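In: the sequence isn't on hand, but the structure is:
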């Protein structure tokens, strides 16, 4: 019951937030056209990568730590370190935005608001993650939903001005992110760090966070796919692929919501992972798989409805990528389960391996078969990741006692 209650909060909020984000991106895609939207999609991918690299795995680490020791001084230290590295990441994002704008013929300052928003957004998100561990899932849900809503409102306001679409999208995203950060500081209670703040403490922290950091980098490395396609193909093809790639994130909200809720519950069980978790996980996977297959069937109509006739050639790639999400959803849930079983090292290895495989497959696909080849390479990597994680879950299946209720060992 607790799992379903928390899942409902997270799932509903993320689906609503994803819908709001999708509307904002569709509006921007229609205004800018495939070529400029390809540039924007490339920079969004770069923002995500730099966010994850500067995160250091702290976001996931403090979630598990908060469950076992809510008042740990290590949580406060982690947030302090995260803020320092976030500032460095913000500077790097601003420099990258200016370089990309000059290289692609945009005005040099157009991407700067989106660069700053990337820093602010991550600071708020990491703090709001603590609400999930505390059981106050509504706080996390509220922050995410209101952030996306404010972003969409900003886009709609900018739509009726003479400002460049990329610029007012960045301003709107920054507005929503600033509100989310303010809200996280108001509703999340976290004691001030007490103790020495030096190199030794940071080294110990990063040692504990490393497996989560590697896994996060592995997962988000795939956001370089649009950059690769833009490098190896024409800007128009990159725009088509970017519209497909960026539309996938909202579609993954349901499975990722359950995965977010599953990790603290499984970790808090301290080895007593009940068989009853299998039923809700299998049910969610079945439902989202049916949903994805239905979307693949109507891919042509969906692409034309969302992005307009100018994005019609992207329908085939959208169909292939959506079918790949069946396997991506499986991986998302199994990742949380394996991390709860202290197998984060294996999860990180698989994440890096399949992300590199994804980039290689996308590069080869776009070179030989264009847009369809790139989407096929993406889906292929999703399949490989799911297979590797399923194999590990089967191998590490808990051994129950005669009553079938208590874990007495694990098949490693």
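Out: Received, thanks. From a predicted model like this one, the values you see are computed outputs, not experimental measurements.

In: all helices for the stretch 1-150 of the chain, in order.
Out: Along the stretch 1-150 of the chain, counting by DSSP state H, counting those that start in this stretch, helices occupy 2-55, 58-68, 73-104, 112-134, 137-159.

In: can you list those helices in JSON lines and add mean neighbour count, distance to residue 333 and mean pLDDT?
Out: Glycine gets a C-beta too; all of them are placed from N, C-alpha and C. Formatted as JSON lines, the helices of the stretch 1-150 of the chain follow (neighbours: other Cβ atoms under 10 Å; distance: least, Cβ to Cβ, whole Å; pLDDT from 0 to 100):
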{"stretch": "helix 2-55", "mean neighbour count": "21", "distance to residue 333": "11", "mean pLDDT": "83"}
{"stretch": "helix 58-68", "mean neighbour count": "22", "distance to residue 333": "15", "mean pLDDT": "84"}
{"stretch": "helix 73-104", "mean neighbour count": "17", "distance to residue 333": "25", "mean pLDDT": "92"}
{"stretch": "helix 112-134", "mean neighbour count": "22", "distance to residue 333": "16", "mean pLDDT": "92"}
{"stretch": "helix 137-159", "mean neighbour count": "21", "distance to residue 333": "17", "mean pLDDT": "92"}
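
In: quick one: closest of those helices to residue 175.
Out: Residue 175 lies closest, by Cβ to Cβ, to one member of the helices of the stretch 1-150 of the chain: helix 137-159, at 5.1 Å.

In: to the chain's geometric centre, what's the distance from the helix or strand just after that closest one?
Out: Remark: after helix 137-159, the chain's next helix or strand is helix 165-187, criterion DSSP states H and E. Chain-centre distance of helix 165-187: 17 Å, with Cα atoms, centre = their mean, to the nearest Å.

In: list the buried residues of helix 165-187.
Out: Neighbour counts over helix 165-187 (16 or more other Cβ atoms under 10 Å) mark 165-181, 183-184, 187 as buried.

In: what helices and strands are in contact with that helix?
Out: Applying 3 or more Cβ pairs under 8 Å, 6 or more residues apart in numbering; DSSP states H and E, one finds that helix 165-187 contacts helix 2-55, helix 112-134, helix 137-159.

In: for residue 65, find the nearest of those.
Out: Smallest distance to residue 65 across those (Cβ to Cβ): 8.1 Å, for helix 112-134.

In: next, the angle from that closest one to helix 165-187.
Out: Helix 112-134 runs at 30 degrees relative to helix 165-187, counting by axes from the mean of the first three to the mean of the last three Cα atoms, to 10 degrees.

In: these two touch, right, residue 393 and residue 338?
Out: Yes: between residue 393 and residue 338 there is a contact at 6.6 Å, judged by Cβ atoms under 8 Å.

In: neighbour count winner among those two?
Out: Shown here are residue 393 and residue 338; by other Cβ atoms under 10 Å, residue 338 has more neighbours (22 against 16).

In: need the contact list for that one.
Out: 344, 346-347, 389, 392-393, 396 (Cβ atoms under 8 Å, 6 or more residues apart in numbering).

In: any of those residues buried? List them.
Out: By 16+ other Cβ under 10 Å, these give 344, 346-347, 389, 392-393, 396 as buried.

In: quick one: the strands in the stretch 301-412 of the chain?
Out: Using DSSP state E, counting those that start in this stretch, the strands of the stretch 301-412 of the chain run over 398-400, 407-410.

In: and those, which one averages the lowest pLDDT?
Out: Mean pLDDT values for the strands of the stretch 301-412 of the chain show the minimum at strand 407-410, a mean of 44.

In: ok now the helix or strand that contains residue 245, how far from the chain's centre?
Out: Using DSSP H and E, residue 245 falls within helix 235-251. Relative to its parent chain, helix 235-251 has a centroid offset of 15 Å by Cα atoms, centre = their mean.

In: for the host helix or strand of residue 288, name the packing helices and strands.
Out: Using DSSP H and E, residue 288 maps to helix 278-297. Contact here means 3+ Cβ pairs under 8 Å, 6+ apart; on that basis helix 278-297 packs against helix 2-55, helix 253-268, helix 315-340.
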